[in-house]
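In: The sequence and its predicted three-dimensional model are supplied below.
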Amino acid sequence: MSIQWADDFSRYGLSTPSRAALLAGLPYANLGNIGSIGAGTVTESPDPNDDGRAFQIGANGNNWPLDFRIALPTVVSGTAGVAFRAWLSVLPGSGTARPALVGFQRSDGNYLVYARIEQNGAITIQARVSGAI
């Protein structure tokens, strides 16, 4: 296995200008709707124990096919994985507000599998079975 992309978001600037830098020839395919508070921009890390930067998806949950998508630079055959850390200021208040933090998508836009954060902090993995998730 080899790493295709890793990022600490330190080289893009902050706030709205970071969007153009993220999309300039890198594998970021979509950064979401800037109309949401802080959506799709690089920010200072919200973690008080971290002095780095983070990508902020948005304050109103996330429409994750639109808010942050990376197109892998090469075709993956076999096993694909992902590593990240996420910061939620609060747990989701309802079932419809559960963020999907990571997913694998086909080239036609349909998702194969994704992970959601539940209202109690648990992580649920949902996968496509017979064409439906």
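Out: Done, it's in. Numbering: from 1, shown residues only.

In: Past the worst-scoring helix or strand of the chain on mean pLDDT, which element shows up next along the chain?
Out: One helix or strand of the chain scores below all others by mean pLDDT, DSSP states H and E: helix 64-67, with a mean of 56. As assigned by DSSP states H and E, the chain's next helix or strand after helix 64-67 is strand 69-70.

In: For the next helix or strand after that next one, give me every contacting residue.
Out: Next along the chain after strand 69-70, taking DSSP H and E as the criterion, comes strand 100-105. Identification of contacts with strand 100-105 by C-beta atoms under 8 Å, 6 or more residues apart in numbering yields 62, 64-65, 69, 80, 82, 84, 86, 111-117. C-beta: built from backbone N, CA, C; applies to glycine.

In: quick check, nearest of those residues to residue 31?
Out: residue 69 (8.2 Å; C-beta to C-beta).

In: Looking at the closest one now. What's its pLDDT?
Out: Confidence at residue 69, expressed as pLDDT, is 77.

In: OK, contacts around it?
Out: 28-30, 105.

In: Restricted to strands, list those residues.
Out: Among the contacts of residue 69, DSSP state E puts 28-30, 105 in strands.

In: how many neighbours does residue 31 have?
Out: 21 (other C-beta atoms under 10 Å).
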